[in-house]
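1. Mind folding the following:
(2 chains)
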2 protein chains.
Amino acid sequence: MAKKITPRSKDYSRWYTEVIQRAELADYAPVKGCMVVRPYGYALWENIKEGLDRRFKATGHVNAYFPLFIPMSFLQKEAEHVEGFSPELAVVTHGGGKELEEPLVVRPTSETIIGHMYAQWVQSYRDLPILINQWANVVRWEMRTRLFLRTTEFLWQEGHTVHATYEEAQEETLRMLNVYADFAENDAAIPVIKGRKSESEKFAGADMSYTIEAMMGDRRALQAGTSHNLGQNFAKAFDIKYLDQNNELQYCWTTSWGVSWRILGAVIMVHGDDQGLILPPKLAPYQVVIVPIWRGEEERSQVLEAAVQVQAALEGVRVKLDDRDEYSPGWKFNEWELRGVPLRIEIGPRDVAQEQVVLARRDVAGPEGKSAVAMSELAQRVPQLLDTIQADLLARARKFQRDNTYEPTTYEELKEAVGKGFALAYWCGDAQCEAKVKDETKATIRCIPLDQGGIGPGHCVVCGKEASERAVFARAY
Amino acid sequence: MAKKITPRSKDYSRWYTEVIQRAELADYAPVKGCMVVRPYGYALWENIKEGLDRRFKATGHVNAYFPLFIPMSFLQKEAEHVEGFSPELAVVTHGGGKELEEPLVVRPTSETIIGHMYAQWVQSYRDLPILINQWANVVRWEMRTRLFLRTTEFLWQEGHTVHATYEEAQEETLRMLNVYADFAENDAAIPVIKGRKSESEKFAGADMSYTIEAMMGDRRALQAGTSHNLGQNFAKAFDIKYLDQNNELQYCWTTSWGVSWRILGAVIMVHGDDQGLILPPKLAPYQVVIVPIWRGEEERSQVLEAAVQVQAALEGVRVKLDDRDEYSPGWKFNEWELRGVPLRIEIGPRDVAQEQVVLARRDVAGPEGKSAVAMSELAQRVPQLLDTIQADLLARARKFQRDNTYEPTTYEELKEAVGKGFALAYWCGDAQCEAKVKDETKATIRCIPLDQGGIGPGHCVVCGKEASERAVFARAY
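-> Numbering: from 1, shown residues only, chains lettered A, B, ... in the order given. Model (predicted):
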């Protein structure tokens, strides 16, 4: 038996890395800050992509593909944008054996090159809105990297839309924030707080950034998706204009929104335990693993035959039959627990005789999570149980987030709160108060929640001045 | 009405570029040699991906993702490989504002970095085979570029597998060649010749390269997919070894195989006509477009209601209802012909009264391609007709290829043949004969067909010496 994973309580960061490598989700690459996503991790990413892409298409978006390389001069057209991204750029200076006249940046995000194309495609109000998404790799030179959460190259999607009015752009910005929240809660079983970013935390070049923030297993925050109202900043920088109904030339309004494979890191940290991954059924590459149990050749053929029948009965469910002879059932139990398969089906000779199997839930340890079910009922019971597991994972994560969210009213309470979870506290809106908290506690304002819970104004937890809203303060990834 | 596309007979290359831009498949990017794939082109690419990915998974392959950047030193480990790719490399020399110690190459293909990882993942025969595919962008610095066919950056898939024996690697190489041919013929309706490459045309680092070659509308050849038996070349360069059943260390055998968005260019050139694209139903983003025809508000609501019902009746078919008021039916006919939608459904007030519609095939011009069909029969007839169109496109392309393939027996005949199509002719295997043809006619050996038609040996069409096989000579993209 392989050695145990470091418990979360002992070293959370090490637990995270070990789970990823032992479950074969990903591996370090021989290039600084880059990683390799292994087949099991990529299958999980494919399910995440599918869940997001389906929602994008249902809200009227289409996919396209823009170039990896961006002329350096493009980035310089939007002042805040270039300032925000300059320190993180990877630059191609040579191509085809020659030095390039103008260096090319490997895209850190694509607002600039897409803006350049949109300026050519948009002529009149009839061309609007443009609702395009791109699945792509992007590169940001990172000093300190962590698998899935912060890597030099990462996979993501970036939506880029163009609208005739501010109102439509704002509506789109919030629509996609809601799409992200819907995916996070319903597919990834991750409860999120929807909110807007403070001025200091917003996207370089945006008028307003919105975010979904989630609480990880160590009570730190993770920004799991962002949606930006870019105002007319990029439209003016790239000259994206349209003729309106009165035949007058107007600047467009644009948005952008993105989710990366970082959300895969959130799935690991929100649900995992000391035995390894726990994957929500909707995203799990295998929703069910069948482990046959037998001794001797006679039992083997009998049990395997039943296992194959069970697999066939579970049409529409992603089932793995682990029929490897070279590993024991106990070894397989551990292996598939580590890899987070939501439901295990055990079949032994006695089960075959009784025409039943044993179901074992990954998310509920011990006898409580086990039940014997007649084979004839599996086709109905397994999908039901997967739905239950999906719902229970969300409920558990929601409870964990609630139990670890505090509502400090004094600065001392705030400092204590951000040491052990999220702090929901009044903030006057002053960047100095925000900076003070960050300097003294390492906690940042994750967002100002859109849902303020219907309570009225109060006093800033830092300076005591009047404050109309509460913000979420937390240490973050 | 927009101006006509340049006829193929007048300027094939211009026809190709105009169709792509006017049908909004793709556009030139502001970066030399790069292009933007627009939503309609990307939807086509998504269907191509889906058709290939399904076949990869059905043959036991899984997807993964490896880094974009490759240390320069990796490429140098396989001598032929680095020699083949050096002139085409894009090189990142700066990251995060600093010059890098070792320059990073933007992957032109991933044998090297994947080989490096495989060396770590493979320990024993139990770990074999490894059957991994990657969907990714790659970069090759090209001097002369052409939309989809040859671009500096392109999207593709690259399969990379590892095996215990030569025989298994060879079996895999041919399996994937057959998968490509199956996709080309059954989904893209493109007949292909399966064959092996000559020594001078094979992949840099391969022991043997196989290809599927197709004839374009201008009778030139296009290499639409390749599959390589890499022997032990990369295994030795990257130290990919396994312990066999006798506990002895052996070098592995590897393969790689790839298809890029270039096959989308083949779809355009094989099927398109002077009106624009003709898309095979299995790949078409819209298989059917409904064009309602009406005058005045009363007819409009009546006809649109029927059109919506027709759309609803065609469940499982990709249907576009073009209900735009600002364009005339005639304009829409031209538009969707240009964009290659396989089947058009016309509905006017008289059709509504008679509970019928008119179906018009994109691939059969004029009255012959039209038929009136009762609305009640559409759900059955439309899928049947789409199948017929799919089969007819393949048959037509097959006939075109056959009609333009010659079997020269003298060098003079060969020279004439490659000026007007494919030449299937005996070749002695000598590189000098191959080079002579290339120098004097611009035609290359596209492949030595796996299916030699059961005929015996003959005499080399160039030198007259004994030759055991025939090769396909053609001018190529």
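2. Spell out which helix or strand contains the one residue in the stretch 251-400 of chain A that gets nearest to chain B, please.
-> For the stretch 251-400 of chain A, the residue positioned closest to chain B under CB to the nearest CB is A:Glu326, at a distance of 7.0 Å. C-beta: built from backbone N, CA, C; applies to glycine. Using DSSP states H and E, A:Glu326 sits within no helix or strand.
3. elements contacting the longest helix that chain A contains?
-> Using DSSP state H to define each element, chain A has its longest helix at helix A:378-403. If contacts are counted by 3 or more CB pairs under 8 Å, 6 or more residues apart in numbering or on different chains; DSSP states H and E, helix A:378-403 sits against strand A:208-215, helix A:262-271, helix A:296-313, strand A:343-347, strand A:356-361.
4. In JSON lines, list those along with distance to chain B.
-> What follows is the helices and strands packed on helix A:378-403, written out as JSON lines (distance: least, CB to the nearest CB, whole Å):
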{"stretch": "strand A:208-215", "distance to chain B": "23"}
{"stretch": "helix A:262-271", "distance to chain B": "12"}
{"stretch": "helix A:296-313", "distance to chain B": "17"}
{"stretch": "strand A:343-347", "distance to chain B": "21"}
{"stretch": "strand A:356-361", "distance to chain B": "26"}
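5. which stretch among these comes nearest A:Cys447?
-> Evaluated over the helices and strands packed on helix A:378-403, closeness to A:Cys447 peaks at strand A:208-215, with 5.1 Å, by CB to CB.
6. C-terminal to that closest one, what's the next element?
-> strand A:221-229.
7. now that following strand and strand A:208-215, what's the angle there?
-> If you take axes from the mean of the first three to the mean of the last three CA atoms, to 10 degrees, strand A:221-229 sits at 160 degrees to strand A:208-215.
8. Can I get strand A:221-229 in PDB, CA atoms only?
-> What follows is strand A:221-229 as a C-alpha-only set of coordinates in PDB (Å, rounded to 0.1, in the frame of the first residue of the first chain):
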ATOM      1  CA  ALA A 221     -11.000  32.500  -0.400                       C
ATOM      2  CA  LEU A 222     -10.600  31.700  -4.000                       C
ATOM      3  CA  GLN A 223     -11.800  33.900  -6.900                       C
ATOM      4  CA  ALA A 224     -13.500  31.400  -9.100                       C
ATOM      5  CA  GLY A 225     -14.600  33.500 -12.000                       C
ATOM      6  CA  THR A 226     -14.900  37.200 -13.000                       C
ATOM      7  CA  SER A 227     -17.100  39.300 -15.300                       C
ATOM      8  CA  HIS A 228     -16.100  42.800 -16.300                       C
ATOM      9  CA  ASN A 229     -18.000  45.800 -17.600                       C
END
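9. who does that strand touch, helix- and strand-wise?
-> Applying 3+ CB pairs under 8 Å, 6+ apart, one finds that strand A:221-229 makes contact with helix A:166-186, strand A:208-215, strand A:253-260, helix A:262-271.
10. doesn't A:His61 make contact with A:Gln134?
-> No: using CB atoms under 8 Å, A:Gln134 makes no contact with A:His61, being 10.3 Å away.
11. Comparing the two, which residue is more hemmed in?
-> Neighbour totals were compared for A:Gln134 and A:His61, and A:His61 leads with 23 against 20 (other CB atoms under 10 Å in any protein chain shown).
12. residues in contact with that one?
-> Contact partners of A:His61, counting by CB atoms under 8 Å, 6 or more residues apart in numbering or on different chains, are A:Leu131, A:Ile132, A:Asn133, A:Gly159, A:Thr161.
13. Quick check: it vs A:Ala395, distance?
-> A:His61 sits at a distance of 31 Å from A:Ala395 (criterion: CB to CB, to the nearest Å).
14. and if you look at A:Val341?
-> Applying CB to CB, the value for A:Val341 to A:Ala395 is 20 Å.
15. again with A:Gln311
-> Taking CB to CB, one finds A:Gln311 at 30 Å from A:Ala395.
16. helices and strands around whichever strand or helix holds A:Lys49, which ones?
-> A:Lys49 belongs to helix A:39-58 when assigned by DSSP H and E. Other helices and strands packing on helix A:39-58, by 3+ CB pairs under 8 Å, 6+ apart, are strand A:130-139, strand A:153-163, helix A:166-186, helix A:262-271, strand B:62-63.
17. which one of those has the most crowded surroundings?
-> Most buried of those, by mean neighbour count (mean count of other CB atoms under 10 Å in any protein chain shown): helix A:262-271, with a mean of 25.
18. And that one, how far out from the chain middle?
-> Relative to the centre of its chain, helix A:262-271 is centred 7 Å away, using CA atoms, centre = their mean, to the nearest Å.
19. quick one, which residue of chain A lies the farthest from its center?
-> Distance from the centre of chain A peaks at A:Glu298, with 47.2 Å (CA atoms, centre = their mean).
20. ok, it to A:Ser110 distance?
-> For A:Glu298, the distance to A:Ser110 (CB to CB) stands at 62 Å.
21. again, but for A:Gln275
-> Applying CB to CB to A:Gln275 and A:Ser110 gives a distance of 40 Å.
22. how big is the angle separating the helix holding A:Lys49 from strand A:253-260?
-> If you take the same axes, to 10 degrees, helix A:39-58 sits at 160 degrees to strand A:253-260.
23. coming back round to it: reformat the helices and strands packed on helix A:39-58 as JSON lines; add distance to A:Thr211 and mean pLDDT.
-> Converted to JSON lines, the helices and strands packed on helix A:39-58 look like this (distance: least, CB to CB, whole Å; pLDDT from 0 to 100):
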{"stretch": "strand A:130-139", "distance to A:Thr211": "18", "mean pLDDT": "98"}
{"stretch": "strand A:153-163", "distance to A:Thr211": "15", "mean pLDDT": "98"}
{"stretch": "helix A:166-186", "distance to A:Thr211": "8", "mean pLDDT": "98"}
{"stretch": "helix A:262-271", "distance to A:Thr211": "12", "mean pLDDT": "98"}
{"stretch": "strand B:62-63", "distance to A:Thr211": "30", "mean pLDDT": "98"}
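24. before we move on, the earlier item: for A:Val341 and A:Ala395, indicate the residue with more neighbours.
-> Between A:Val341 and A:Ala395, A:Val341 has the larger neighbour count (other CB under 10 Å), namely 25 against 12.
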